[in-house]
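> Attaching a predicted model along with its sequence, questions to come.
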Amino acid sequence: MTDFLAKAPTLDANWRAVVLFGRNVASYKFALAKTLLGLTERDDDRVPLEELAAPFARHLCEHLTLTDKQTTSRSSKFLDACRAFNRGELSEEALVGTTARLGFVNVIDAFHVVGSGPVPVRFFEDERGGNRGGGGAIRLTDDLRRLAGSVQGLGLADEAEARWRLVETAWQLDLPRAGVAVQADAAQDLLFVEADRGIRRTSLTRVRGALNGYQRGRCFYCRAEVPLTATEVDHFFPWVLKERGEMPDADCVWNLVLACRGCNRGERGKFAGVPSPKLIARLHERNNWLVDSHHPLRETVMLQTGVDADARASFLRARQRIALDALVHQWEPEGAAADG
């Protein structure tokens, strides 16, 4: 894993490390993340697997209607049961029983693991004992409840959903071998892919949900905490450069960040200013985190900016020169908080 967590090991950073940086062979981790966030208002910390199974299976059944490929494995009896439920061939009671027995075999053990070991904070404790084939329970922790009730917690379900849509699409289209990059429509706050040489456009998820976690739920510029719903998608190097033909790739993922209203278009906002070298270094770090989070944003950013960190740094320096030559004025927010 990158320095994303080591730099500021907050509750939300631990959670986001799990969702954004864990390697995935199935989408179960995203389903469990969304399920956990939905359970934090219950009175009892102990959640029997049978109660955990219903929302967990529901999330997976919903995604199977969008993308049938939810794992890199060739077959899954659990996913087959979810498909049967979607076809009306399996009752909800039978689906819940199958989920409790088969759906949690690996994901409960693997949820907190990122890279070579677990993150320092646990969001639930495993109380299944030696029974891995159904029965037992998990216990929600105080850290999960604190996280869900915080400003950061308000957008975590959207972030997990966005990450899920990106990963399942990568499996469906066999990225990166298919050579399809994620594209952005900043005006519509949308990430999409075009398969079949631009004939078919597939909408994936919102730009805001996909990028918010990599900024730790803060304005990219002033670092103030901003609820996801209040963020605005901004072109780091101003959009006017694309309008003039001086930076045709300004609408690509590498150049999109989330900003508060004040920094984006307030009285002392950025507008057509060129971000300062400190902010360019921050963008380089953010783009490296996108690469470290694996496909499909990994392949997209590498395709757009360079295959290694040095190449990506050189790419941004070249874009900085273009921007300064065209716009001259350099900008940095006043009284910005320190990075973290």
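Happy to help now that I have it. Numbering: from 1, shown residues only.

> contact partners of stretch 129-145?
Stretch 129-145 is contacted from outside by 11, 36, 39-40, 42, 45-49, 52, 97, 100-102, 104-105, 108, 121-128, using C-beta atoms under 8 Å, 6 or more residues apart in numbering. Just so you know, the C-beta spots here come from the backbone N, C-alpha and C atoms, and that holds for glycine as well.

> again, only this time at 6 Å
For stretch 129-145, contacts defined as C-beta atoms under 6 Å, 6 or more residues apart in numbering pick out 11, 40, 45-49, 100-101, 105, 121-128.

> And the strands in this protein?
Using DSSP state E, the strands of the chain run over 46-48, 113-114, 117-118, 124-126, 137-140, 183-185, 190-195, 200-205, 232-235, 256-259, 274-275, 330-331.

> JSON lines for those, including distance to residue 65, mean neighbour count and mean pLDDT?
JSON lines is the format used below for these (distance: least, C-beta to C-beta, whole Å; neighbours: other C-beta atoms under 10 Å; pLDDT from 0 to 100):
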{"stretch": "strand 46-48", "distance to residue 65": "26", "mean neighbour count": "15", "mean pLDDT": "97"}
{"stretch": "strand 113-114", "distance to residue 65": "29", "mean neighbour count": "17", "mean pLDDT": "94"}
{"stretch": "strand 117-118", "distance to residue 65": "33", "mean neighbour count": "12", "mean pLDDT": "92"}
{"stretch": "strand 124-126", "distance to residue 65": "27", "mean neighbour count": "16", "mean pLDDT": "97"}
{"stretch": "strand 137-140", "distance to residue 65": "27", "mean neighbour count": "19", "mean pLDDT": "97"}
{"stretch": "strand 183-185", "distance to residue 65": "24", "mean neighbour count": "17", "mean pLDDT": "90"}
{"stretch": "strand 190-195", "distance to residue 65": "18", "mean neighbour count": "19", "mean pLDDT": "83"}
{"stretch": "strand 200-205", "distance to residue 65": "14", "mean neighbour count": "16", "mean pLDDT": "78"}
{"stretch": "strand 232-235", "distance to residue 65": "28", "mean neighbour count": "20", "mean pLDDT": "96"}
{"stretch": "strand 256-259", "distance to residue 65": "29", "mean neighbour count": "24", "mean pLDDT": "97"}
{"stretch": "strand 274-275", "distance to residue 65": "41", "mean neighbour count": "24", "mean pLDDT": "96"}
{"stretch": "strand 330-331", "distance to residue 65": "45", "mean neighbour count": "16", "mean pLDDT": "95"}
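
> Out of those strands, flag the one nearest residue 219.
Closest of the strands of the chain to residue 219 is strand 256-259, at 5.2 Å (criterion: C-beta to C-beta).

> Partner strands of that closest one and their direction?
Strand pairing for strand 256-259, determined by DSSP bridges: strand 232-235 (antiparallel).

> What residue spans form the domains of this protein?
Listed by automatic domain parsing, the domain ranges of the chain are 4-150, 153-331.

> Considering these, which stretch scores lowest in mean pLDDT?
Note on these: domain 153-331 shows the lowest mean pLDDT, a mean of 91.

> So what would you say the end-to-end distance of that one is?
Across its full length, domain 153-331 reaches 31 Å end to end, with C-alpha to C-alpha, to the nearest Å as the criterion.

> okay but residue 71 is in contact with residue 26, surely?
Yes - the pair residue 71 / residue 26 is scored as a contact, 3.9 Å apart, by C-beta atoms under 6 Å.

> Of those two, give the one with the bigger neighbour count.
Neighbours per residue (other C-beta atoms under 10 Å) separate residue 71 from residue 26, with residue 26 holding more: 21 against 16.

> Residue 330 contacts residue 274, correct?
Yes - using C-beta under 6 Å, residue 330 is in contact with residue 274, at 5.1 Å.

> and residue 38, how far is that from residue 268?
Between residue 38 and residue 268 the computed distance is 40 Å (C-beta to C-beta, to the nearest Å).

> Between those two, which has more neighbouring residues?
A count of neighbours by other C-beta under 10 Å puts residue 38 above the other of residue 38 and residue 268, at 15 against 11.

> Not counting sequence-adjacent ones, nearest residue to the more buried one?
residue 55 (5.8 Å; C-beta to C-beta, 6 or more residues apart in numbering).

> Give me the number of neighbouring residues for the one you found.
Here the count is done by other C-beta under 10 Å, and residue 55 has 17 residues near it.

> got it, and residue 72?
With other C-beta under 10 Å as criterion, residue 72 counts 10.

> Pull up the gap between the closest residue to it other than its chain neighbours and residue 62, please.
In space, and not counting its chain neighbours, residue 72 is closest to residue 25: 4.9 Å by C-beta to C-beta, 6+ apart. Between residue 25 and residue 62 the computed distance is 20 Å (C-beta to C-beta).

> Please apply the same query to residue 259.
31 Å.

> now residue 20
Residue 20 is 21 Å from residue 62, where distance means C-beta to C-beta.

> swap in residue 130?
32 Å.

> Give me the contact list for stretch 155-174.
In contact with stretch 155-174 (C-beta under 6 Å, 6+ apart) are residues 19, 24, 27, 30, 33-34, 37, 67, 69, 180, 204-205, 209-210, 212-213, 228, 295-296.
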